[in-house]
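Q: predicted structure and sequence below. I'll ask about it afterward.
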Amino acid sequence: MNQETAEPAAAEPACRFPHFTVLLSSTPRGARLARLLADAQLRSWGIPSDAARHIVGELAANAVTHGRVPGRDFRLTLYVVDGTLRIEVTDTRCERLPQLQQPAPGAESGRGLLLVDALADRWGVREDRFPRKTVWAELRCAPPEPAPTGPGPDGSFSQGT
C-alpha cells in the first residue's frame, strides 16, 4: 500500500515548509518509484533534482537490498527547511547500519554510499525505534553567496562565482 502526503506539514505560516512522504514496497519497483516520485516532487517545488534523484535512488536501492524485511515497506521523506533539502529513507532492518567503505577492485556493487557522500553536503544514519533505521542526506537548495569581487589583502581582484 502506498500513501503519500504533499502538503505543508504545519498549519502555522511561520512553521510551514515543503514536505513529501510516501510508503513504498521493499522491491526494485518500489526503489525505482521512489526515484521517480522524488524527481516529480522536487520539480514541482522548483528544486534542481539531479543530485537528489541520484541520492534517492541509492538510498532506496540500499533499503530494498540491505534493509528489506518481507512484508514491510520503506518510507521516503523529502522536506526543505532554510534552503536545505533533507532526504530520508527509513527501512525496518537496523541490525546492520550502513558504513562508508571502499569496494573491492572489480566489485559490481558497493559504491552507493560513496556516491551519496560525494553528492550530499551532509549525510548520516539515525537509529529509530526498533526495528527501524533512517539514512538521511542533505543538499543545499539555495545557491551559495557570491564571493566578494573587491581587492584582496594583496591588492589583487578576485572573480565572483
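A: Yep, that arrived.
Q: need the three-state assignment for the most centrally placed residue in the chain.
A: Nearest to the mean C-alpha position of the chain, by Cα atoms, centre = their mean, lies residue 87 at 2.9 Å. Here residue 87 is recorded as strand under DSSP: H, G, I helix; E, B strand; the rest coil.
Q: for the residue lying closest to residue 93 once chain neighbours are set aside, give me phi and psi.
A: Using Cβ to Cβ, 6 or more residues apart in numbering and skipping residues adjacent in sequence, the residue nearest residue 93 is residue 67, 4.3 Å away. Glycine gets a C-beta too; all of them are placed from N, C-alpha and C. When read as degrees, to the nearest 10, the backbone of residue 67 gives phi -110, psi 10.
Q: not counting its neighbours along the chain, what's nearest the residue nearest to the centre of the chain?
A: Counting by Cβ to Cβ, 6+ apart, the nearest residue to residue 87 once its immediate chain neighbours are dropped is residue 137, at 4.9 Å.
Q: who's in contact with the strand or helix carrying the one you found?
A: Using DSSP states H and E, residue 137 falls within strand 133-140. The contact list for strand 133-140 (Cβ atoms under 8 Å, 6 or more residues apart in numbering) reads 51-52, 55, 59, 62-63, 67, 83-91, 93-94, 97-98, 116, 119-128.
Q: those residues in helices, which ones?
A: Of these, the ones assigned to helices by DSSP state H are 51, 52, 55, 59, 62, 63, 116, 119.
Q: nearest to residue 106, of those residues?
A: Relative to residue 106, the closest of those is residue 62; by Cβ to Cβ it sits at 20.7 Å.
Q: if I pick the closest one, what's in contact with it?
A: Going by Cβ under 8 Å, 6+ apart, residue 62 touches 89, 98, 112, 113, 135.
Q: for the longest helix seen in the chain, which outside residues touch it?
A: Longest helix in the chain, counting residues (DSSP H): helix 28-45. With Cβ under 8 Å, 6+ apart as the contact definition, helix 28-45 has outside contacts at 2, 4, 6, 18, 20, 22, 24, 48-49, 52-53, 56-57, 60-61, 63-64, 73-74, 76, 78, 80, 85, 87, 89.
Q: just the buried ones from these?
A: For those, a burial check counting by 16 or more other Cβ atoms under 10 Å picks out 18, 20, 22, 24, 49, 52-53, 56-57, 60-61, 63-64, 73-74, 76, 78, 80, 85, 87, 89.
Q: tell me the spacing between residue 60 and residue 46.
A: As judged by Cβ to Cβ, to the nearest Å, residue 60 and residue 46 stand 23 Å apart.
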